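Visitor: Structure for the following, please:
(one chain, ligands or ions: 1)
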Amino acid sequence: MKITIRHPLVFGLCAVAVALVARQAASPVAEAREPSNASIRSNLARQDQDPQAYVQYLANAGVLVVNGNTKIAFDPIFRSSFGSYLLLSDELERNLFAGTAPFDGLDAVFISHYHGDHFSARDVMRLMAAHADLELFAPAQAVEALHAVARSNKDQDSSAVFERVRTITLDYEQAPVAIETDSLLVEAVRIPHSGWPERMQNVENIAFRVSLTGADDSIVTAAHLGDADTRDEHYDHDADYWAKRPLNLALPPYWYLQSEDGRAILSNRLKPALTMGLHVPVKFSAKDKAAVTSDRVGVMTQPLERRSLQ
Ligand SMILES: [Zn+2]
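Guide: Here you go, the predicted structure:
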C-alpha cells in the first residue's frame, strides 16, 4: 500500500479539492430527498435502513466508521473497564478476531492513547497478526507497548506486523501530521488528555481526523478525540487545521457535551454535521442522556447502535 507523508502546509493545498469532492458527493443525496416516483422512494427507504456511510458503536470509546467499502475502527479492543465503562462483548470480540460482521473488510485500526480502557497491546498484536492487510495508526507510547509484547513472544516473528504499523509521534503543540493511503486520509494532532495540566501531561492522546473514500469517490470525514481535554487553547493553536476540512462526524468523549468549553469547541472549531459522544459510563442515566441530546448531537451507549452519516 502506498503511503505518503506530507507536510501539513503542503497538504493544505489539497484540502480545498477534498472539500469540493465532498460537496459534490453530497448534492445528489440532497436532491433525492424529494423522490418523483415510488421506486426511488423505496430505494431511499432501503438506503436509510442500510446506509452506505455510518458510525456504529462497539464499547466505551470504540466505534466503527464506514463509508461504502472503507471501514475503520477507533479504540476497538481493551481490557479495563475501571468499574465504569463497557467492555467489548465476548461475541463482538470473537467477531473482531475472526474478521466477521460487523468487522468484515476492516481496513485500519486507530488507537487514541495507550490507556487500558482504550487499548490492549497484547490483543492489538494478536489482531494485527491475524489480519495480514490490517493497518494500525497509534501513538508512539502504544507502539512501544506493542514492541514489548513482541519481545515477550520470542518464538514469533512480528516484523510483518510492524510494517503495517504507522507510529504517530507528536509533542504537544507540534504541527498536525497527515498520512495518505489508498482509501484514507489520516490527519493527527496531539490534544492533551483530560486532567491536563495537573495530571496526564505525559499521555500521548491523539485526535485523529480521518477522511474515508467510499463509493463514487464520496468522502466522509470523522474526528475521534480520545480522552481530550476541553480547553480551547489546544484547538486555537491549530485553528486553521481545524477549520479547513468539513466534518461529517465528531466523536468527542461525553464530557465535551456536559461542559460549556467542550460544546464551544464543537460549535466553533469542529463544526461537525453530527456529534456522537463516547466513553459514557454505564451509570449514565436516561436523564443525563436527555440533557446532552439534541437533533444532531447524542451519545452512543448500546453496542451495535448505528447512526447514518448521509
Ligand atoms: Zn485515558
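Visitor: need the residues of this structure near the ion, please.
Guide: 115, 227 (C-beta under 5 Å from the ion). C-betas here are computed from N, CA, C, even on glycine.
Visitor: check contacts around residue 249.
Guide: With contact set as C-beta atoms under 8 Å, 6 or more residues apart in numbering, residue 249 has these partners: 55, 65, 220, 221, 222, 223, 272, 273, 274, 275, 276, 309.
Visitor: can those residues go into JSON lines with extra columns for secondary structure and neighbour count?
Guide: Formatted as JSON lines, the contacts of residue 249 follow (DSSP: H, G, I helix; E, B strand; the rest coil; neighbours: other C-beta atoms under 10 Å):
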{"residue": "55", "secondary structure": "strand", "neighbour count": "25"}
{"residue": "65", "secondary structure": "strand", "neighbour count": "24"}
{"residue": "220", "secondary structure": "strand", "neighbour count": "26"}
{"residue": "221", "secondary structure": "strand", "neighbour count": "24"}
{"residue": "222", "secondary structure": "strand", "neighbour count": "27"}
{"residue": "223", "secondary structure": "strand", "neighbour count": "23"}
{"residue": "272", "secondary structure": "coil", "neighbour count": "21"}
{"residue": "273", "secondary structure": "coil", "neighbour count": "15"}
{"residue": "274", "secondary structure": "strand", "neighbour count": "18"}
{"residue": "275", "secondary structure": "strand", "neighbour count": "24"}
{"residue": "276", "secondary structure": "strand", "neighbour count": "22"}
{"residue": "309", "secondary structure": "coil", "neighbour count": "21"}
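Visitor: Dump these into JSON lines; add pLDDT as well.
Guide: Below are those laid out as JSON lines (pLDDT from 0 to 100):
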{"residue": "55", "pLDDT": "98"}
{"residue": "65", "pLDDT": "98"}
{"residue": "220", "pLDDT": "97"}
{"residue": "221", "pLDDT": "98"}
{"residue": "222", "pLDDT": "98"}
{"residue": "223", "pLDDT": "98"}
{"residue": "272", "pLDDT": "98"}
{"residue": "273", "pLDDT": "98"}
{"residue": "274", "pLDDT": "98"}
{"residue": "275", "pLDDT": "98"}
{"residue": "276", "pLDDT": "98"}
{"residue": "309", "pLDDT": "96"}
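Visitor: which among those gets closest to residue 208?
Guide: residue 223 (6.9 Å; C-beta to C-beta).
Visitor: residues touching the closest one, list them.
Guide: Contacts of residue 223 (C-beta under 8 Å, 6+ apart): 207, 208, 209, 210, 247, 249, 250, 251, 270, 272.
Visitor: and the gap between the residue of the stretch 151-300 of the chain found nearest the ion and residue 308?
Guide: Closest contact between the stretch 151-300 of the chain and the ion, by C-beta to the ion, is at residue 227 (3.7 Å). Per C-beta to C-beta, to the nearest Å, residue 227 is found 26 Å from residue 308.
Visitor: and if you look at residue 263?
Guide: 23 Å.
Visitor: swap in residue 295?
Guide: Separation of residue 295 from residue 308 (C-beta to C-beta): 13 Å.
Visitor: the more surrounded of the two?
Guide: Counted by other C-beta atoms under 10 Å, residue 295 and residue 308 do not tie: residue 308 has more neighbours, with 14 against 6.
Visitor: is it true that that one touches residue 51?
Guide: Yes: because the distance of 3.9 Å satisfies C-beta atoms under 8 Å, residue 308 is recorded as touching residue 51.
Visitor: just the helices in the stretch 51-200 of the chain please.
Guide: Taking DSSP state H, counting those that start in this stretch, the helices of the stretch 51-200 of the chain run over residues 90-98, 121-130, 140-152, 159-162.
Visitor: Indicate which one of those helices is closest to residue 192.
Guide: helix 140-152 (13.5 Å).
Visitor: what's the average pLDDT for that closest one?
Guide: For helix 140-152, mean pLDDT is 97.
Visitor: residues of that helix that come out buried?
Guide: By neighbour count on 16 or more other C-beta atoms under 10 Å, the buried set for helix 140-152 is 141, 142, 143, 145, 146, 149, 150.
Visitor: Output that helix as CSV, nothing but the C-alphas.
Guide: Output in CSV follows, covering the C-alpha atoms of helix 140-152 (Å, rounded to 0.1, in the frame of the first residue of the first chain):
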residue,chain,number,x,y,z
ALA,A,140,4.4,6.1,20.0
GLN,A,141,3.5,5.1,23.6
ALA,A,142,1.1,2.4,22.4
VAL,A,143,3.6,1.2,19.7
GLU,A,144,6.2,0.9,22.4
ALA,A,145,3.8,-1.4,24.3
LEU,A,146,3.4,-3.5,21.1
HIS,A,147,7.1,-3.9,20.8
ALA,A,148,7.2,-5.1,24.4
VAL,A,149,4.6,-7.7,23.6
ALA,A,150,6.6,-8.7,20.5
ARG,A,151,9.8,-9.1,22.6
SER,A,152,7.9,-11.4,25.1
